[in-house]
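1. model this:
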Amino acid sequence: MHTNHRDRLRAKALENIDALNDYELIELILFSAKPRVNTNDTAHLLLDTFGSIAGIMSASPKALAEVDGVGPQTAAHIATLSKIIERYNTIKDSEQPKVFSFADFKPKLISLFKPCKEEVFLCYFLNKQLQVVGRRVVCDHNPSSVTLKLEEFAKQVVLNKPHAAVIAHNHLSGICQPTPNDDSATERLAILLELNGVQLVDHIIVTENNAYSYFHDGRLDQIKNKIKNIL
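-> A predicted model of the protein is given here:
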């Protein structure tokens, strides 16, 4: 009986998730954490205890675990989902302008990278009008160093076929001036993009309160001239 109920609720969500009421949405969340248990009563109890979906998502894992039928595993599941939503909203609220310019991107990138505890390389794909049409992470996450995943990045370039690209990454040191490793990474990415007919518009290094532009400093032109001699 539980299986049929879950199948019907999943089908309802696929057809029109907006038609689901609050306790049905909570039930769907609970399905993954409690695969063999009737979650209807637990969903109602969670809403009764915390008053709303917002109350559930803002509750501490300890408070969630104390609700009858929840326990540590389900509490951790709900808390993890809540944290994902929180971080998504942080990124959403700091989305970049639709058309690239360093002046417009600078404050948005500073806001985007501010919560990061590790170095991250991002690539923005642009069309001929320099409108942003996509964003991809192009490195492994590591708190002390960054490793570019060039093979995966190349697949993304071929798949998305952008006209141009902008690279951005953060310096946890607080110093936004480029290092020799930054120059090397810029050169490798520029070569990869050039071989795929994509223009590298800029490489931006971001710190907590500032940002550096390879293009505006003239450093990108130097790298592109070097690449011409190589290719």
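
2. Give me the distance between stretch 157-172 and the centre of its chain.
-> Centre-to-centre, stretch 157-172 and its host chain are 14 Å apart (CA atoms, centre = their mean, to the nearest Å).

3. in stretch 32-40, what counts as buried?
-> Residues A33, K34, T39, N40 are the ones in stretch 32-40 that count as buried (16 or more other CB atoms under 10 Å). All C-beta spots, glycine's among them, are computed from the backbone N, C-alpha and C.

4. before we move on, what about stretch 49-67?
-> T49, F50, I56, M57, A59, P61, A63, L64, A65, V67.

5. what about that stretch, start to end distance?
-> 8 Å (CA to CA, to the nearest Å).

6. and if you look at stretch 211-229?
-> 29 Å.

7. Likewise for stretch 119-129?
-> So stretch 119-129: terminal residues 29 Å apart, CA to CA.

8. again, but for stretch 10-24
-> 10 Å.

9. from the chain's centre, how far out does it sit?
-> 26 Å.

10. what's in contact with it?
-> L9, L28, F31, N40, A43, H44, L47, S52, I53 (CB atoms under 8 Å, 6 or more residues apart in numbering).

11. Let me have those residues in TSV, adding secondary structure, distance to I110 and pLDDT as columns.
-> TSV is the format used below for the contacts of stretch 10-24 (DSSP: H, G, I helix; E, B strand; the rest coil; distance: CB to CB, whole Å; pLDDT from 0 to 100):
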residue	secondary structure	distance to I110	pLDDT
L9	helix	43	80
L28	helix	37	83
F31	helix	40	83
N40	helix	46	83
A43	helix	41	87
H44	helix	44	89
L47	helix	39	86
S52	coil	34	85
I53	helix	32	85
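
12. Between all of the buried residues of stretch 49-67, which two are at the greatest distance?
-> M57 and A65 (14.9 Å; CB to CB).
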